[in-house]
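A.B. asks: Please find the sequence and the predicted model below.
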Amino acid sequence: MTGDHTALQLVLSADPALMAIVVLSLTVSLTAVAAATLIGLPLGAAIALLRFPGREVMIVALNALMGLPPVVAGLAVYLLLSRSGPLGAWGLLFTPQAMMIAQAILVTPIIAALARQTIEDLWVEYRDELAALNISPPRRIATLIWDARFSLVTTLLAGFGRAAAEVGAIIIVGGNIEGFTRTMTTAIALETSKGDLPLALGLGIVLIAIVVVVNALAWAVRQAGERFAG
Amino acid sequence: MKTRRTVVAFAAAVLLAGVSMASAQDKSIVVASTTSTQDSGLFEYLLPIFKQKTGITVKVVAQGTGQALDTARRGDADVVFVHAKAQEEKFLAEGHGVKRYPVMYNDFVVIGPKSDPAGIKGMKSVTDAFKAIKAKQASFISRGDRSGTHSAELRLWKAAGIDIEKDKGPWYKPIGQGMGAALNTAGASNAYVLSDRGTWIHFKNKGDLTILVEGDKRLFNQYGVMLVNPAKHPTVKKELGQTFIDWLVSQEGQKAIAGYKINGLQLFFPNANDPSA
């Protein structure tokens, strides 16, 4: 990608460097959301259904962590993954995997907190029914997640939005290495610092377009799913 | 309920694909370098030439000189390529580096608005220019990030007989960011700023900014390269890293550096053969 092109030209010519950046951005953010979903959904559902000491503290903590500054998450992951840090032997600093870990940390509280609210509201409706059927708690969690699945799509999209938009964490742990850890947001930061504001803005518009497409796909899947589920 | 299993399987598949990707490239090194070498476009030009010759991928993490040296101190880079001789020698003395090789130089220039409120245009002495800026309390953007350029700026204030820590006022604004960001800020606030020439030439948002002072010997900017000490940081890829260093200081590498031009202007001047650099 050189500054002699406008963003529009880059898109229209399917510039390979730009395409690689788009693919990497999507891979990192979608992987982070997938990981956060596997952790956050059951966690949110468990907090919604179970009563245990410290539950209120946990709800407040999760809600607060939705506002975790990306740069702080990035710094924490950086110190963990640095060769001098506790997980340094993994050799993950300045890799796409490090960016996935950082984004998963940012997204998990969002998914867990929003899922908890959604499922708790549903639980109020279903409580007597599920209690009468004498279903075990893990089974209840699975049933409620399944029944709330269409509402939870929005939860996942909120998580994806956070991941796709952030630059503070991944620029620290990924290092913005050309052709390896450069994503849409870090490329925008770089072009801005090179003073190529039109290219930076153009890339920003491309990023927004990609996020819109992902949301449209999710909407279509949800529509089809609702019709199919009757 | 079958669908649920499919969803979980799909999520797991995405996860696996994501984790397993990109770890295939192993003939690669991490070079901690400076924003000036990246923002000036030098690496985009140089690294493909090196890769074609050796097959080694160079991953550049561009930070300020101080931060780049810290990254190497933690063992997170194989090679450091920076420009602040005193900081580099400290790094060597601490045992983090093996040997410092001079590679090339460019120079700093004092940039400011065309209206030039401190009247420094054309001054031959950069310290006179700095004195004038301070006397007029004209806005000055400092990198403020322990980068090589920041070190050079602090050196120049000192040479001008100004204790900037003590004498700074609201006119002196340290922004703690890279060279490009400092130029953007100076452009937006009609301020003076010290920049390396390479980043300035490559910079696209010049607006009302222009070069006001250049050519003073004290504006000379030397770059050096060092292998991170494998005895201290065992994960350092010493053969690949040394191959990169050897190429940079070889006749071929030096010629490639001299060949990087924008609009016919040469940005960096190779001087690996100058032992005092």
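C.D. replies: Perfect, I can see it now.
A.B. asks: close to chain B, is stretch A:162-172?
C.D. replies: No - judged by CB under 8 Å from any CB of the partner chain, stretch A:162-172 makes no contact with chain B; its nearest approach is 10.0 Å. In this view, the C-beta of every residue, glycine as well, is placed from N, C-alpha and C.
A.B. asks: tell me the SS of A:Thr37?
C.D. replies: helix (DSSP: H, G, I helix; E, B strand; the rest coil).
A.B. asks: For chain B, see how far away it is.
C.D. replies: In this view, A:Thr37 and chain B are 6 Å apart by CB to the nearest CB, to the nearest Å.
A.B. asks: Apart from its neighbours in sequence, what residue is nearest A:Ser151?
C.D. replies: Leaving aside its sequence neighbours, A:Ser151 sits nearest to A:Thr118 (CB to CB, 6 or more residues apart in numbering or on different chains; 5.0 Å).
A.B. asks: Could you report the neighbour count for that neighbour?
C.D. replies: 20 (other CB atoms under 10 Å in any protein chain shown).
A.B. asks: Tell me which helix or strand it sits in.
C.D. replies: Of the helices and strands defined by DSSP states H and E, A:Thr118 is found in helix A:96-132.
A.B. asks: so what does that helix touch, helix or strand wise?
C.D. replies: Other helices and strands packing on helix A:96-132, by 3 or more CB pairs under 8 Å, 6 or more residues apart in numbering or on different chains; DSSP states H and E, are helix A:16-49, helix A:55-65, helix A:70-81, helix A:137-147, helix A:149-165, helix A:168-174, helix B:2-20.
A.B. asks: Check residue 149 and give its pLDDT.
C.D. replies: Because you didn't say which chain, this covers chain A. Here the pLDDT value assigned to A:Arg149 is 90.
A.B. asks: meant chain B actually
C.D. replies: 94.
A.B. asks: Is it in a helix, a strand, or coil?
C.D. replies: Put simply, B:Thr149 is helix when judged by three-state DSSP.
A.B. asks: Can you pull out the low-pLDDT segments for chain A?
C.D. replies: A:1-5, A:230 (pLDDT under 70).
A.B. asks: and it, which residues reach chain B?
C.D. replies: Residues of chain A found near chain B (CB under 8 Å from any CB) are A:2-3, A:27-28, A:30-31, A:34-35, A:37-38, A:82-85, A:88, A:91, A:93-97, A:100, A:142, A:146, A:175-181, A:190, A:192-197.
A.B. asks: check contacts around residue 181.
C.D. replies: Defaulting to chain A. The contact partners of A:Thr181, taken as CB atoms under 8 Å, 6 or more residues apart in numbering or on different chains, are A:Leu24, A:Phe94, A:Thr95, A:Pro96, A:Ala98, A:Met99, A:Ile170, A:Gly174, A:Gly175, B:Lys59.
A.B. asks: you looked at the wrong chain, it should be chain B
C.D. replies: Contact analysis of B:Ala181 by CB under 8 Å, 6+ apart lists A:Thr192, A:Ser193, B:Ile175.
A.B. asks: host element of it?
C.D. replies: Assigned by DSSP H and E, B:Ala181 belongs to helix B:179-189.
A.B. asks: what's the following helix or strand after that helix?
C.D. replies: For helix B:179-189, the following helix or strand on the C-terminal side (DSSP H and E) is strand B:192-196.
A.B. asks: So is that following strand next to chain A?
C.D. replies: No - taking CB under 8 Å from any CB as the criterion, strand B:192-196 and chain A are apart, separated by no less than 11.0 Å.
A.B. asks: Packing partners of that strand?
C.D. replies: strand B:97-113, strand B:140-142, helix B:148-159, helix B:179-189.
A.B. asks: What's the mean pLDDT across it?
C.D. replies: 97.
A.B. asks: pull the CA atoms of that strand into CSV?
C.D. replies: These are the backbone C-alpha positions of strand B:192-196, laid out as CSV (Å, rounded to 0.1, in the frame of the first residue of the first chain):
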residue,chain,number,x,y,z
TYR,B,192,7.7,25.1,15.5
VAL,B,193,9.0,21.5,15.6
LEU,B,194,12.2,19.6,15.1
SER,B,195,11.9,16.8,12.6
ASP,B,196,14.2,14.4,10.8
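A.B. asks: And the residue nearest the centre of chain B?
C.D. replies: B:Thr34 (2.4 Å; CA atoms, centre = their mean).
A.B. asks: in the sheet, who's paired with that residue?
C.D. replies: B:Gln63 (DSSP bridges).
A.B. asks: I'd assumed B:Phe81 was in contact with it.
C.D. replies: Yes - the pair B:Thr34 and B:Phe81 passes the contact test of CB atoms under 8 Å, sitting 7.4 Å apart.
A.B. asks: where do the contact lists of the two overlap?
C.D. replies: Residues touching both B:Thr34 and B:Phe81 (CB under 8 Å, 6+ apart): B:Ala68.
A.B. asks: I figured A:Val28 was touching A:Val173, is that so?
C.D. replies: No - contact criterion CB under 8 Å: A:Val28 and A:Val173 do not qualify, at 10.7 Å.
A.B. asks: before we move on, the earlier item: and the helices and strands packed on helix A:96-132: which comes nearest B:Gly180?
C.D. replies: Closest to B:Gly180 of the helices and strands packed on helix A:96-132 is helix A:168-174 (CB to CB; 13.9 Å).
A.B. asks: That's all I had, so thanks and see you.
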